[in-house]
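Asker: Sharing a sequence plus its predicted fold:
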Amino acid sequence: MFPVTAQLQRAVVLHGPKDLRLEERPFWPPQYCHAQVAVKSTGLCGSDLHYYLEGRNGDFALQAPLVLGHESAGVITAVGPGVKHLVPGQRVAIEAGIMCKECSYCQAGRYNLCKGMRFASSAKTFPHLDGTLQDRMNHPAHVIHPLPDNCSFEQAALAEPLSVLIHAARRANLGSGQRVLVFGVGTIGILACALANAYGASRVVAIDINQARLNFAKSHDFASQTHCLPMVDKAKTTDEQLRRAKDNVSVALSKFNEPDGFDVVFECTGAEPCIQMSIHAAVTGGKVMLVGMGSRNVMLPLSAAALREVDIQGSFRYANTYPEALKLLGSGKLRNIEQLITHRIPLEDTARAFELLARGKDEDGNMVIKIVIGPSS
C-alpha cells in the first residue's frame, strides 16, 4: 500500500491576542464517516472577535494555536468510508458542534447541552478543534447539511446564527399573532426580528443604544418601530439601577403604545440594564428569552416577574435546527436578510476583517454588521 501524501492548504491561525497568521498546513483525506469541505463562506461573529482581541472568550482561553470561524458553507470535495448522504460537488452548510451522541442530553435531542460537545473554533476543550477559516476542513458527516438549490453560500453562512434564534423561538413557543420586542439589533437581534416576522408576529419592534443600527433595522423592514435608549452615566446604587430600568422601558412602551408590554421579549444584548428592562417589557404571562451573552452576574427585579408570571428562559446555542434554518434562508421568507452582510473579504485579509468588526465602521464610515470571509478574489 502506498502512503497517503498530504497536500497543503491555507489556514488563518490565531496564536494570541491580535496575532493572526496566514499559514500553509497539510490536509488529509477524510476518515470514516467524515467528509471534506472546501469552505466558500464564513461569517465572523462576536465570539471570534473576543478570541482575536483578547485571546479568550469568557472563561475559555487559548491554550494552543487555533483556527477561528464556525458560521460556514462550502462544497464537498471528498467523503470518507461510511458516508452515504453526501457526494463530492454537493453544496453544504457546516454545523460546528460535534456532540457525543451517547449522553442523556443527546439521547433526548438536546445535544446543545452535551457535556462532551466539541465546538469548532472554541477553546473550551483541549486539544482545540479548529474552525472554518481555512481552505478545506474535514468534519463529521452527520453535522454537514445539504443546501436547498435556492440557498447561496453567503445565506447558508447565516444558518448558524439563525439557528440560535430558531432554538430560542422554539423554547418561547413563538407563533403567529404575537407581539415581539427585541433588545439589541446586531446580527442576532436582526435575525430575531426577521424570524419573528417570518413566523407571523403581529408586531416586531426593537430597542438599542445605537441609532444607526436602529435605522438599519427599520429601513429594511426588520422592525416596524424602534426606540433608542439614552446614554447615561452608570447608576451609583442597585436601587437606582433597577428604578432606571423600569423608567426607561416605561418610556419605550409608551412610545410603542404597548403600555402592558409584549408577548415575547428577545434579550439579545447580554447587558444587565437590558436584561432588567426586558422583565418589565413583557406582558403579564409573557416570556423573556435570554439570548445575549454578556454580564455574568445580574441583579434582577424578580418580583416583577414572579407576581406577573413572566417566564424567564435561557437559551444556549441550538439543536436540530439546521434543516429549518436552511429552508427558511432559501425560501425568501426572511425578507432583506442578505442586507445583513455588509462586507465581503478574502481569506488572506482576515486580520483586516477583524479590525473592521472591532471598530464597527469601515474606512469610508460605513456601518459594519456581518462580515463574510470567502476564498481569494
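Answerer: Ah, there it is.

Asker: Strands of the stretch 101-250 of the chain, start to end?
Answerer: 118-119, 136-140, 144-146, 179-183, 203-208, 225-228 (DSSP state E, counting those that start in this stretch).

Asker: Tell me which of those approaches V265 most closely.
Answerer: strand 179-183 (4.8 Å; CB to CB). From N, CA and C alone the C-beta is placed, and that goes for glycine too.

Asker: For E24, which residues are in contact?
Answerer: E24 is in contact with L8, Q9, R10, A11, counting by CB atoms under 8 Å, 6 or more residues apart in numbering.

Asker: Kindly state the beta-bridge partners for the last one.
Answerer: Just to be clear, that refers to A11. Note on A11: beta-bridge partners by DSSP bridges are E23, Q134.

Asker: how near is it to L49?
Answerer: In this view, A11 and L49 are 19 Å apart by CB to CB, to the nearest Å.

Asker: Next: the first one.
Answerer: The gap separating L8 from L49 is 28 Å, by CB to CB.

Asker: so where is the chain shaky, pLDDT-wise?
Answerer: The chain contains residues with pLDDT under 70 at 1-5, 377.

Asker: hmm, 90 instead?
Answerer: 1-7, 58-59, 231-239, 293-297, 376-377 (pLDDT under 90).

Asker: mind listing the helices for it?
Answerer: All helices of the chain, identified by DSSP state H, fall at 46-54, 104-107, 153-157, 159-172, 187-198, 211-219, 238-255, 272-281, 302-306, 322-331, 350-359.

Asker: now the longest one, how far from the chain's geometric center?
Answerer: Read that as helix 238-255. In terms of CA atoms, centre = their mean, to the nearest Å, the centre of helix 238-255 is found 28 Å from the chain centre.

Asker: If you count neighbours, what's buried in that helix?
Answerer: With burial defined by 16 or more other CB atoms under 10 Å, the residues of helix 238-255 counted as buried are Q241, L242, R244, A245, K246, N248, V249, A252, L253.

Asker: ok so, going back, between A11 and L49, point out the one with more neighbours.
Answerer: A11 (23 against 18; other CB atoms under 10 Å).

Asker: I figured the more buried one was touching T132, is that so?
Answerer: No. Between A11 and T132 there is no contact under CB atoms under 8 Å: 9.7 Å.

Asker: tell me, what's touching these two both at once?
Answerer: V67.

Asker: Which one, of the helices of the chain, ends up nearest to H70?
Answerer: The closest of these to H70 is helix 159-172. By CB to CB, the value is 6.2 Å.

Asker: any residues touching the closest one, and which ones?
Answerer: 43, 45, 70-73, 93, 95-96, 112, 145, 187-188, 191-192, 195-196, 199, 264, 266, 287, 289, 291, 313, 315, 317-319, 321-322, 324-326, 328-329, 334.

Asker: just to revisit the earlier point, any chance of the contacts of E24 in CSV, plus distance to K361?
Answerer: Below are the contacts of E24 laid out as CSV (distance: CB to CB, whole Å):
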residue, distance to K361
L8, 36
Q9, 32
R10, 28
A11, 28
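
Asker: buried subset of these?
Answerer: Buried members of the contacts of E24, counted by 16+ other CB under 10 Å: Q9, R10, A11.

Asker: ok, so of these, who is nearest P127?
Answerer: Using CB to CB, the buried ones among the contacts of E24 come closest to P127 at A11, 15.3 Å.

Asker: Any figure for the gap between the closest one and E54?
Answerer: According to CB to CB, A11 and E54 sit 21 Å apart.

Asker: Kindly report the same for G46.
Answerer: Distance from G46 to E54, counting by CB to CB: 12 Å.

Asker: Spit out the contact partners of R352.
Answerer: Counting by CB under 8 Å, 6+ apart, R352 makes contact with I345.

Asker: try the one 4 residues further on
Answerer: L356 makes contacts with H343, I345, D362, V368, I371, as judged by CB under 8 Å, 6+ apart.

Asker: how about 7 Å then?
Answerer: H343, D362, V368, I371 (CB atoms under 7 Å, 6 or more residues apart in numbering).

Asker: What number of residues are in the vicinity of H70?
Answerer: 26.
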